[in-house]
Every structure is written in structure tokens, then in C-alpha cells.
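Novice: Build me a model from this:
(one chain, ligands or ions: 1)
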Amino acid sequence: MNSVRDQTTKMKNKDVSDHVEYKDVNQLSYHQLLLYYNATFSYLPWGALILDGKGHFVNTNSAYLQMFAITKHEAEIYLNSPAKYFRFYDLDSRELPFNEWPIRKIMNKNHFHEERYIIELTVRSKPLYVSCTGLPQVDEQGNYVSGLLLFNDISGKVPVQFEHENEILKRNSYLHELDFIEQRIKGAEDLLRAIIDTIPVMVTIYDSNVNYIILNKAVEKITGWTQDDVQKTSIMELAFPDVEGRKKVLQFMISLEPGFRDFVMLTKDGRKIETSWANVKVSDGRHVGVGIDISGRKKMEQQLMEAKNKAEKENLVQYAFIQNISHEVRTPMNSILGFAELLKKTIRGEQEQQFLDAISISGRQLLRLINDIIDFSRLDKKEMSLTMELISLTEMMKQLKGMIPGLKNTYSKRQLKTNVNIPAVKAKEIFLNTDIYRLQQVFINLISNALKYSDKGKVDIGYKIIRESDKILFYVKDTGIGIKPEDHERVFERFNRLHNNSKKQIRGTGLGLAICKHLVTLLGGDIWFESKPGEGSVFYFTHPMADQPRSGKFSKVNDTDQEHHKIPDLSGYTILVAEDDVFSYKMIYYILNETKAKILHAEDGAKALRILKSRKVHFCFLDLRLPEMSGFQVLNWIRTSNLSMPVVALTANALPEDKEKTLRAGFDYHATKPIAQNELYNLLNRFINRNKFLNDR
Ligand code: ADP
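Specialist: I've put the predicted structure just below:
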């Protein structure tokens, strides 16, 4: 077979425009064949390239030129220096050495069919993705003489044109990832949207000018305003019609102020609702407002407030009632106990003495009950106030010891031994900053219980110092009936009487320990107990220790020194008793009469004033609730008239704050009815000792 170049040269020398007839191909003349070949070569859809024996350019067709977007002349230049202008890659983007190029392959007489390459023509920007077929021609000796290369542009068959396949793959996987991320974002967005739209909390999203407001479904449900309304109207103006109010809302919406603010909103159907809003700025610069409808809560708060006010009013009325009852009971009790005491001195018969004891004991029990009821009525109001003073622990314990015989009498438990454990006074005395009345009340309650709930054995009272906590641990220990473990939890609860079913009736209200717990807590301590049924109980309570007082700066607890109980000689002195209750007056009269003083009686405040103006008076007892003029008003007159006699308030108002009130008003002493004979003499003796009214007899 002749070389293509030979055939072409021959063809050039002949007239190729001859008419072509249809015949068997073997019958065709060389000329005709050449004609067919030329036409086929030109119109071939593949890029065709004919190379000579040295691999040089011979011819190329228009598909080839189009494929590389070059002219025939350029093709000739590029193909005659292929290593300079072309790069060949395999599908893995590996650059192929020259001897693996299709040109080399056919020169090495390799036939190959549709091998895929990526060809880069360096003068062009994008590489071509081609399939290439190589047809070498050899002479009779088998030497390569020429070759035909057919290129099929298959770039359009891969997803991204003109990209290396591995890059495409890379890009594909990247796109896949992007797709995945997009799906995830979309999923998260859908989830968020679903949450935002289903939560019963109002959510709004807006920019920093409070434009482009987005509302969730809850806003629509609660206020009636919809996203449609946002588009069509000025939603802020409609929801917050008051100009000033709206300004505040708008300020808050972009303020980044932490926490919730309450705003009244107008709903689409014209109702006013209470809402509470918070807002946060998110990273894209927008704000998210979160709001709740608090109308229900506000209404409930209002109802609660009204109920509370009502209850408080009722409480006040109740409290005033209880106080009044207390006063009204104390005044006759004053007489009952006072006269019983006086009678004991005049009537000597044993049986009569027992009757009088019964009157005193029952009277004192009644008084304690009244005190408990008053205290109880104040527990809920958290109104129990304390009058604190610095007290010596040893003195306080001594005074407690003095009270025990009276308590044993009250509960008819003379058979029980009692022991108050007061360690010998140490060099360094211990002090309490306390309300002595309340502290004693706790002790009296615990000791009374110890006596009440014990029939034999003894009651031990004492204390230990706990240095680590700077507290004093007081205890009251009995050998009584004890408390069952299952009842322990209820001991300090009000109205809980745990021994109600026992054969022996033990009097009580179930209030004492509840009051004790309250008082101990108020005083800064704790209270608890240990108990075994049939063996006895120990009640403990703690009280903080005070710092050492600067010398003399502490109160002495009421003096129990027998010396002070003796009847003072007040002959030559005049004492005024302003008291409207006849029995109370008579009782104090009998006690004072023993002192040989002259006693004047005023049934009301006005008369007291008249006496004070006309007579020399050395000592005054003023009831506080006097008709015409109260005891306070009389005192006021005395103080402004520069009369310096001691004035004692004699009153049935027995609460610590009553005492504080009278002392603050300028009374020299607050004596609670019923005042005991000893207390009265004691009081007079103290004033005498202080030279308060001895000078001008
Ligand atoms: P009460 O007025 O009934 O004594 P308290 O509040 O003082 O009320 O005590 C509550 C209950 O605790 C008492 O009813 C009694 O059952 C029980 N209790 C209190 N102290 C003692 C004690 N020392 N020994 C046995 N039981 C006691």
C-alpha cells in the first residue's frame, strides 16, 4: 500500500471534479476512491489527523480544528513541535511522558481504539477530554510510514466541561458534601421553624430598625396579629397604640437589656393583654424577641394580693380582738391573784390555804394560756419582735432557779426533784445578747413540759458552752413518759398533743413547743430533743454568746434578792394610784397600805391631773387605759410640768413591745397586771435605794 502522502500528491496532479457513479467499491477507480476519501476525511465528525513517517503534520480535518479552536496553519505549527504545545494526561490527571502519547504510540506501530486522554493545548485555557483511536500504516518491511489519529471530543459527556476527571470527582464529592450540609441546614431550619411555630411562646425576629418583622404562630394565637398584617400595616402602631408606650417598647426591642420587661399589648380584636418580653441579638445582626402572655398570672397575682389584703385585715381584726380579750382577762385576774395572795396572809386554816393555792395556780395557768394564745396569733404574722439586752448567763440561770418552785406548785409536782446546774462563776463571765422575757418563756415552757409529763424522778436544767460555734447549749432533761419515735416529727407542730389518749389527762394546748421553736429561731439558735418512751426526754436549744460588755453596760435581770421583798417604810410619802378598775385599785391599795404611805385614788386621767396639780405626790402608779385621759397623756403632763417623781405604768398590756413603748414614752417602770406583792415592794425598794424619792418627805 502506498503512503497517504503519495496518494495525496497524485491526487493533486489530477482533476478531482469528475462525475462519480455508484459501482461496487472494487470497481471504483483510484481517482474516484480519492474523491470519496477526501469527502469522508473532510466531513468526518471526529477530529482526524494524518502524520507522516516522522510524525510530522500532513493533514487535519475541520472537526479537529474546531475541537481545538485553531486554524489549519496553527495546527501545523503546534503539531510540528508537539512537546512544546501539548500536554497529555491520563484520567487520573497523571501527566504522560512523551512516549506514551498517541503520536508516539502509532509511530511505534501500536493500533489502539478509543483510548481516553486529557489533552491540554498550552495556548488554550481549558483542557480537552477526548477518546482517541490510532491507526499506524507500515510498508512491506513492516516499517511505520504514516499514521491516522482520530479524536472524539467527549467533554460534553462528563458532568463539568473541561475539568480533569479527578478534579471533577473531587468537586463532585465536595458538591455532595455541600448538598449534605445544605440538607442538614435545611433540616435544622425546618426543625427550628417547627419548634418556633409550635412553642406556646411568642417569637419575633426583626432587624435593628425593627423592620422586616417575622412572627411565629404563637404571636398569631395570642394577639391575633398575623404575618400578613405585618406586610400590610404598621404592626407596632397597632399593637402599641400609645405613642410614649410604643417608644419604650421600641427602645427595649433593640436595647439588649437583659431580662424580661412587661408591656401591655393591644390584640387584633381590641383586648389589652399583659405580656412579658426579652430580646437577644443574633450573629447576623437581627434581634429575636421572646414573649409570654402573663395576663393570667397578673390576674392571679391581683386576686392573691386582694386575698392577702383581706386576710391581713381579718388578721388585724382578730389580733386586736385577742389583745383586747387578753387585756380584759388580765384585769380581773389581777384582782383574783392579788386578793388570793393577800388572803393567804390573813387566813391561816389549812384547807382555806389549799383553796387559795388552787385559785393562784389556776389563775397563773389561765394567764399562761392567754400569753400563748397571743403569741400564737402573732406567729403567722411574723410580728414577734425582740427587745434585746446584754444579760449575764449566771444571773439569768439564778433567776430561773427562783422560778422553779412556783412552776412545781402550778403543776402540783412537788414530789419531783429539780436541779439547776449552774457551774461556779468563772473568772470570765459569759453574756447573752437576748430578749430575757422570751428566753425565759422558752425555759418556762420546757420546764413546765418536763414537770407535766413526768411523775417520778427528776428534772435537770443546765447548759454547756460550745466554744467552736460561740453558742450556749441549754438543756432540760426529765425522767418522764417520753415521746414515741413515730411522734417525733410532730412535736414542734402547732396543736399537736401527743399524749391525748393517755389515761391521765394532762392539760395543754399543743402550742408551747411551736412557740418555743419560733422564739429560739428568732434568738439565733436551734431547738431539738431526744426521747425514749418510758425513760424520759431531753430538750436542747442553743443561743449565741455575746461579746464581753464594756464594764457596767449590761442589764441586771430582775432582782430576786429577798432583801428587796421586805415592806418599805414610806410613812410621810404620798402615792397616787390612777386606776379605773375598782378591784385592781383595792388590791394595790391593800399592798401599798402596808408601807404606811398616804394613798390617793384617781378613777380617771382627768382626776389624776387635778390631784397632781393640787397635791404633793411622791410616787405615781398610772393605768394606761384610763377614761378621760390615757396614762400616756397624764405622764406627758407630768414630764412637761417638770415633776420628777417616779411614774410606774401599771397595765394589763403584757407584751415586750408594750414594755418598750411605755419605757420609750418616759415611764420609769413597766409593771404588768397582776403585779405580785413582792414585785411591788421590790420595785419601791429599788427606787428608795436609788434615792429617787426620799429627799423631800
Ligand atoms: P402542750 O401544751 O400539749 O404541752 P407543747 O407544744 O408544749 O404542748 O408540746 C406538744 C406535745 O409534745 C405535748 O402535747 C406532749 O405530748 C409532747 N411533749 C412535750 N414535752 C414533752 C416531754 N418533756 N415529755 C413528753 N412529752 C412531751
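
Novice: where does the stretch 251-400 of the chain dip in pLDDT?
Specialist: Where the stretch 251-400 of the chain drops to pLDDT under 70, the residues are 379-384.

Novice: quick one: the helices in it?
Specialist: All helices of the stretch 251-400 of the chain, identified by DSSP state H, counting those that start in this stretch, fall at 295-346, 350-379, 393-410.

Novice: CA atoms only for the last one, dumped as CSV, please.
Specialist: Once side chains and other backbone atoms are set aside, the C-alpha atoms of helix 393-410 remain, and they are given as CSV (Å, rounded to 0.1, in the frame of the first residue of the first chain):
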residue,chain,number,x,y,z
LEU,A,393,-25.7,34.0,131.9
THR,A,394,-25.1,33.1,135.6
GLU,A,395,-27.6,35.7,136.7
MET,A,396,-30.2,34.6,134.3
MET,A,397,-29.8,31.0,135.4
LYS,A,398,-30.1,32.0,139.1
GLN,A,399,-33.3,33.8,138.3
LEU,A,400,-34.6,30.7,136.5
LYS,A,401,-33.9,28.7,139.6
GLY,A,402,-36.0,31.1,141.6
MET,A,403,-39.0,30.4,139.3
ILE,A,404,-38.9,26.6,139.6
PRO,A,405,-40.7,26.2,143.0
GLY,A,406,-43.6,28.3,141.6
LEU,A,407,-43.8,26.1,138.5
LYS,A,408,-43.7,22.9,140.6
ASN,A,409,-46.6,24.3,142.5
THR,A,410,-48.5,25.2,139.4
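
Novice: rewinding a little: out of the helices of the stretch 251-400 of the chain, which gets nearest to the ligand?
Specialist: Nearest of the helices of the stretch 251-400 of the chain to the ligand, taken as CB to the nearest ligand atom: helix 350-379 at 7.8 Å. Any C-beta I mention is one placed from the backbone N, CA and C, and that applies to glycine too.

Novice: returning to what we had before: include distance to Tyr669 and mean neighbour count when you put the helices of the stretch 251-400 of the chain into JSON lines, please.
Specialist: Below are the helices of the stretch 251-400 of the chain laid out as JSON lines (distance: least, CB to CB, whole Å; neighbours: other CB atoms under 10 Å):
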{"stretch": "helix 295-346", "distance to Tyr669": "16", "mean neighbour count": "14"}
{"stretch": "helix 350-379", "distance to Tyr669": "20", "mean neighbour count": "16"}
{"stretch": "helix 393-410", "distance to Tyr669": "17", "mean neighbour count": "17"}
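
Novice: Pipe the ones you listed into JSON lines and attach distance to His670 per row.
Specialist: What follows is those, written out as JSON lines (distance: least, CB to CB, whole Å):
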{"stretch": "helix 295-346", "distance to His670": "14"}
{"stretch": "helix 350-379", "distance to His670": "16"}
{"stretch": "helix 393-410", "distance to His670": "18"}
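
Novice: ok, Val476 touching Phe443?
Specialist: Yes: using CB atoms under 8 Å, Val476 makes contact with Phe443 at a distance of 7.3 Å.

Novice: Need the overlap of contacts for these two.
Specialist: Ile461 (CB atoms under 8 Å, 6 or more residues apart in numbering).

Novice: For the residue nearest the centre of the chain, give me its contacts.
Specialist: Using CA atoms, centre = their mean, the residue of the chain that lies closest to the mean C-alpha position is Gly259, 13.1 Å off. Applying CB under 8 Å, 6+ apart, we find Gly259 in contact with Ala278.

Novice: what does the one 4 residues further on give?
Specialist: Taking CB under 8 Å, 6+ apart as the criterion, Phe263 is in contact with 240, 245, 248-249, 252, 275-277.

Novice: what's the closest of the residues you listed to His601?
Specialist: Ser276 (68.0 Å; CB to CB).

Novice: Tell me who's in contact with the closest one.
Specialist: Contacts for Ser276 (CB under 8 Å, 6+ apart) come out as 260-263, 291-292, 294.

Novice: Lys484 now?
Specialist: Lys484 touches 498, 533, counting by CB under 8 Å, 6+ apart.

Novice: how about the residues of the stretch 501-650 of the chain near the ligand?
Specialist: Residues of the stretch 501-650 of the chain lying close to the ligand by CB under 6 Å from any ligand atom are 508-514, 537.

Novice: nearest residue to the closest residue to the ligand within the stretch 51-200 of the chain other than its sequence neighbours?
Specialist: Taking CB to the nearest ligand atom, the ligand has its nearest neighbour within the stretch 51-200 of the chain at Pro200, 48.5 Å off. Closest residue to Pro200 apart from its sequence neighbours, by CB to CB, 6 or more residues apart in numbering: Ala218 at 5.6 Å.

Novice: Also Ile205?
Specialist: Using CB to CB, 6+ apart, the closest residue to Ile205 is Ile214 (4.2 Å).

Novice: State the number of residues packed around that neighbour.
Specialist: 14 (other CB atoms under 10 Å).

Novice: Would you check that it makes contact with Gln231?
Specialist: No: counting by CB under 8 Å, Ile214 stays clear of Gln231, with 10.8 Å between them.

Novice: can you pull the contacts of the residue nearest to Ile205?
Specialist: 204-206, 227, 230.

Novice: Go through the residues you listed and name the one nearest Tyr411.
Specialist: Closest approach between those and Tyr411, by CB to CB: Thr204, at 72.4 Å.

Novice: Now the closest one: closest residue in space that isn't a chain neighbour?
Specialist: Gly289 (4.3 Å).

Novice: and that neighbour, how many neighbours?
Specialist: 21.

Novice: For Leu622, pull up the helix or strand it's in.
Specialist: strand 619-623 (DSSP states H and E).

Novice: sorry, back to before: what separates the residue nearest to the centre of the chain from the ligand, distance-wise?
Specialist: 45 Å (CB to the nearest ligand atom, to the nearest Å).

Novice: from the stretch 301-450 of the chain, which residue is nearest to the ligand?
Specialist: Asn449 (3.5 Å).

Novice: SS state for that residue?
Specialist: Judged by DSSP: H, G, I helix; E, B strand; the rest coil, the three-state class of Asn449 is helix.

Novice: Look up the pLDDT of it for me, please.
Specialist: Predicted confidence (pLDDT) for Asn449: 94.
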